[in-house]
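Colleague: mind looking at a prediction? Sequence and model below.
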Amino acid sequence: MNITGIAKSHHAGIPKASSGKDWKLSDSLREKIAGYAREDAAQGIYMGNKFLALRKSEVAKVAPDRAALMGKVSQEMADMKTIREADRRWLCLLFGEPYEAKFQSEGTGSAVHVYDGNGDEVLTYTAGVGWHEKESKAETQVHGAMKAAYFDAFRAARQEINAGAVEMQGGFDARA
C-alpha cells in the first residue's frame, strides 16, 4: 500500500522563515564582514569566529524553524506506525503553512519529508535513523553571498598586508 500525502494548512502556527529573496547583503553588513576579514587577515586566520557567528546568525534569518517542525512531529507521533495511519487532514494541521509534508511507506522504509514554501526539502525523518536537516536554497544563497563578500575583503586585506611588507623592505625582493 502506497500512502503519500502533501499537507498544507494555515493553522499550525509555526513561524514562516523569510525567503532568500527577503534577505539582502546590505552595505552595513558588507562593511562588518570586511572588518572581520581585515582582522582575520592581520592574524593569518581565514574565516575567524566573529565572521562564522555572524554568518550563522544571518542564515538563521532565512532558515525554517526546524526545531518547531521536529517538535510538532515528536509530540504527536511516537513512531512511524502513527504516521502511516495519519490522514491528510491531520498532516495539514500538523505542519501548517508554508510547509508541506510527504510521507512514504514503501521502498526502503518509512519516512517523512518536510518541504518549505519554496518546495525545498528541509527535514527528513526516517524510522530507525531519526531527523536529518537539509539546507534550503535560501540558506545556501545567504551562505554564498556572505562567503563571497568575506573572500573579496580578505583577499584585499592580504594584498594590503603583503604590499606593506614589500614597502618595509624598501622594495627589495628577499626571494632574489
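Modeller: Everything's here; your move.

Colleague: send me whichever helix or strand residue 54 is part of as PDB with only the CA atoms.
Modeller: Assigning secondary structure by DSSP states H and E places residue 54 in helix 49-62. Output of helix 49-62 as PDB, limited to C-alpha atoms (Å, rounded to 0.1, in the frame of the first residue of the first chain):
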ATOM      1  CA  ASN A  49      34.900  33.000  14.900                       C
ATOM      2  CA  LYS A  50      33.400  36.500  14.600                       C
ATOM      3  CA  PHE A  51      32.600  36.000  10.900                       C
ATOM      4  CA  LEU A  52      31.300  32.500  11.400                       C
ATOM      5  CA  ALA A  53      29.000  33.600  14.200                       C
ATOM      6  CA  LEU A  54      27.700  36.500  12.000                       C
ATOM      7  CA  ARG A  55      27.100  34.200   9.100                       C
ATOM      8  CA  LYS A  56      25.300  31.700  11.300                       C
ATOM      9  CA  SER A  57      23.000  34.500  12.600                       C
ATOM     10  CA  GLU A  58      22.300  35.700   9.100                       C
ATOM     11  CA  VAL A  59      21.500  32.200   7.800                       C
ATOM     12  CA  ALA A  60      19.200  31.700  10.700                       C
ATOM     13  CA  LYS A  61      17.100  34.600   9.500                       C
ATOM     14  CA  VAL A  62      16.100  32.600   6.400                       C
END
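
Colleague: buried residues in it?
Modeller: Applying a neighbour-count criterion of 16 or more other Cβ atoms under 10 Å, the buried positions in helix 49-62 are 51, 54-55, 58-59, 62. Any C-beta I mention is one placed from the backbone N, CA and C, and that applies to glycine too.

Colleague: turn the residues you listed into a markdown table, including pLDDT and distance to residue 158.
Modeller: Shown next, in a markdown table, are the buried residues of helix 49-62 (pLDDT from 0 to 100; distance: Cβ to Cβ, whole Å):
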| residue | pLDDT | distance to residue 158 |
| --- | --- | --- |
| 51 | 97 | 15 |
| 54 | 97 | 20 |
| 55 | 96 | 19 |
| 58 | 95 | 23 |
| 59 | 94 | 25 |
| 62 | 91 | 30 |
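
Colleague: okay, strands next: where are they in the chain?
Modeller: 100-104, 111-115, 121-126, 130-133 (DSSP state E).

Colleague: looks like residue 101 contacts residue 113 (just checking).
Modeller: Yes: counting by Cβ atoms under 8 Å, residue 101 touches residue 113, with 7.0 Å between them.
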